[in-house]
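1. Quick one: sequence plus predicted model below, questions after.
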Amino acid sequence: MALSIPHFNSLTEALASLFGNGTAISRLRRIAGGDINEAYALTLTDGTQIFMKSNAPGNISFFKTEAAGLTAIADTGAIRTPRILCYGTDPEGTGYSFLLLEFVSAGKTVPDYWEIFAHELAAMHQASTAGLVTDGNYGFLSDNYIGSGDQCNTAHDRWIPFFRDCRLEPQFQRAARYFDIQDQKSITKLLEHLDDILVEPEYPSLLHGDLWSGNVMTGDDGKAWLIDPAAYVGHAEADLAMTELFGGFSRTFYDAYKETAPMLPGYDDRRDLYNLYQLLNHLNLFGTAYLSPVKRIVRKYV
């Protein structure tokens with residue numbers, strides 16, 4: 001997949017190119033939510049509404065990689081995401097980087113919302129991943145981010161080594177100061193025995209990568225749309241596990257997903273190990289509130 005999202009060197013240039021010369025912002029409204037980027041609804045002089053994320057100019061890679069993830073998801077044709085307009089940097093004032101997306105007004109949810117969401121997510125997981133990983137089966141086009149944390153996507157032929165080398169090990173290394181000698185021994189034992197716990201998938205799947213309720217919105221068609229991905233090619237179980245970490249989705253969702261894409265036996269026994277990655281990332285980003293569940297999961301598997 002070649003990323004062909006336009007890049008601009010100023011917001012003024014972007015608006016003129018996308019909407020015509022003379023187009024400007026007539027109203028800017030701050031949107032609450034998120035702890036990494038600032039978000040705005042922009043109303044243009046022609047009445048069009050668009051959505052903008054912004055950050056420091058040095059963080060343009062946040063938006064380039066997010067655009068790559070949204071493009072990969074959209075290209076499956078399985079589930080909707082907001083349309084990407086462009087990304088870029090703006091030198092005005094203190095300078096900032098930005099990502100422009102279509103503005104999506106939430107509609108009334110369709111009657112079979114959870115069933116449709118599950119079927120569409122399963123279809124995304126079953127879509128071809130050709131072109132998303134170079135020289136391997138698992139990974140992604142480039143490294144990206146999980147929240148504001150770096151996420152390694154070096155290509156691997158097998159899922160379990162990928163999960164060890166590119167998911168757990170980097171997070172454990174960043175969190176080393178939280179662990180004593182006995183903890184370190186348990187972590188080493190866990191990493192050495194992942195093949196005894198995890199299983200290789202029947203096929204590689206494109207994952208959203210950060211799939212909790214805050215990264216799912218209801219679109220103007222009343223169905224679930226995916227936003228803010230940390231996309232990569234991996235085991236679909238990792239996406240499903242993440243949905244259960246912070247409250248979970250409707251039971252109807254999980255039943256419908258399994259009808260479309262039956263789970264391999266033992267998923268319930270593996271779920272916490274997948275979520276160890278997400279909890280380690282939260283530990284590294286937000287601190288010790290996440291240390292106890294991290295240690296509990298490590299103890300569970302050793």
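-> Structure's in. What do you need?

2. Where does pLDDT dip in the stretch 151-300 of the chain?
-> Counting by pLDDT under 70, not a single residue of the stretch 151-300 of the chain qualifies.

3. buried ones in stretch 35-51?
-> 37, 39, 40, 42, 44, 50, 51 (16 or more other Cβ atoms under 10 Å). Where you see a C-beta, it was placed from the backbone N, CA and C, and this is true even at glycine.

4. Ignore what I typed, I meant stretch 274-285.
-> 274, 275, 276, 277, 278, 279, 280, 281, 282, 283, 284.

5. Residue 50 is in what secondary structure piece?
-> strand 49-55 (DSSP states H and E).

6. the inter-axis angle of the helix or strand that that strand is followed by versus strand 49-55?
-> For strand 49-55, the succeeding helix or strand toward the C-terminus, using DSSP H and E, is helix 60-75. Orientation of helix 60-75 against strand 49-55 (axes from the mean of the first three to the mean of the last three Cα atoms, to 10 degrees) gives an angle of 140 degrees.

7. Check which helix or strand the closest residue to residue 147 other than its chain neighbours maps to.
-> In space, and not counting its chain neighbours, residue 147 is closest to residue 285: 5.6 Å by Cβ to Cβ, 6 or more residues apart in numbering. For residue 285, the element it lies in under DSSP H and E is helix 267-286.

8. quick one: contacts of that helix?
-> Residues from elsewhere that reach helix 267-286 (Cβ atoms under 8 Å, 6 or more residues apart in numbering): 146-149, 163, 167-168, 171-172, 174-175, 178, 194, 197-199, 210, 235, 237-238, 240-242, 244-245, 289-291, 293-294, 297-298, 300-301.

9. what's whatever helix or strand comes next after that helix packed up against?
-> Using DSSP H and E, the helix or strand that follows helix 267-286 in sequence is helix 291-301. Using 3 or more Cβ pairs under 8 Å, 6 or more residues apart in numbering; DSSP states H and E, the elements in contact with helix 291-301 are helix 181-192, helix 267-286.

10. Helix 291-301 versus helix 267-286: what angle between them?
-> 150 degrees.

11. thinking again about what came up before, redo the buried residues of stretch 274-285 as CSV? Include distance to residue 139.
-> Converted to CSV, those look like this (distance: Cβ to Cβ, whole Å):
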residue, distance to residue 139
274, 17
275, 20
276, 20
277, 15
278, 18
279, 22
280, 19
281, 18
282, 23
283, 24
284, 21
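
12. Residue 62: which of these is nearest?
-> Residue 62 lies nearest to residue 281 out of those, by Cβ to Cβ, at 15.2 Å.

13. from the buried residues of stretch 274-285, which single one is nearest residue 120?
-> Taking Cβ to Cβ as the measure, residue 120 lies nearest residue 274 of those, at 21.1 Å.

14. What is the neighbour count of residue 4?
-> Around residue 4 there are 8 other residues, counting by other Cβ atoms under 10 Å.

15. Got the confidence number for it?
-> On pLDDT, residue 4 comes in at 78.

16. can you check residue 93 too?
-> 67.

17. cool, and residue 146?
-> So residue 146 comes in at 97 (pLDDT).

18. And residue 183, how far from residue 192?
-> For residue 183, the distance to residue 192 (Cβ to Cβ, to the nearest Å) stands at 15 Å.

19. hmm, I was thinking of residue 140
-> From residue 140 to residue 192 the distance is 26 Å (Cβ to Cβ).

20. and if you look at residue 299?
-> Using Cβ to Cβ, we find residue 299 at a distance of 16 Å from residue 192.

21. Same list (the buried residues of stretch 35-51) but as JSON lines, adding distance to residue 225.
-> Shown next, in JSON lines, are the buried residues of stretch 35-51 (distance: Cβ to Cβ, whole Å):
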{"residue": "37", "distance to residue 225": "18"}
{"residue": "39", "distance to residue 225": "16"}
{"residue": "40", "distance to residue 225": "19"}
{"residue": "42", "distance to residue 225": "19"}
{"residue": "44", "distance to residue 225": "22"}
{"residue": "50", "distance to residue 225": "16"}
{"residue": "51", "distance to residue 225": "12"}
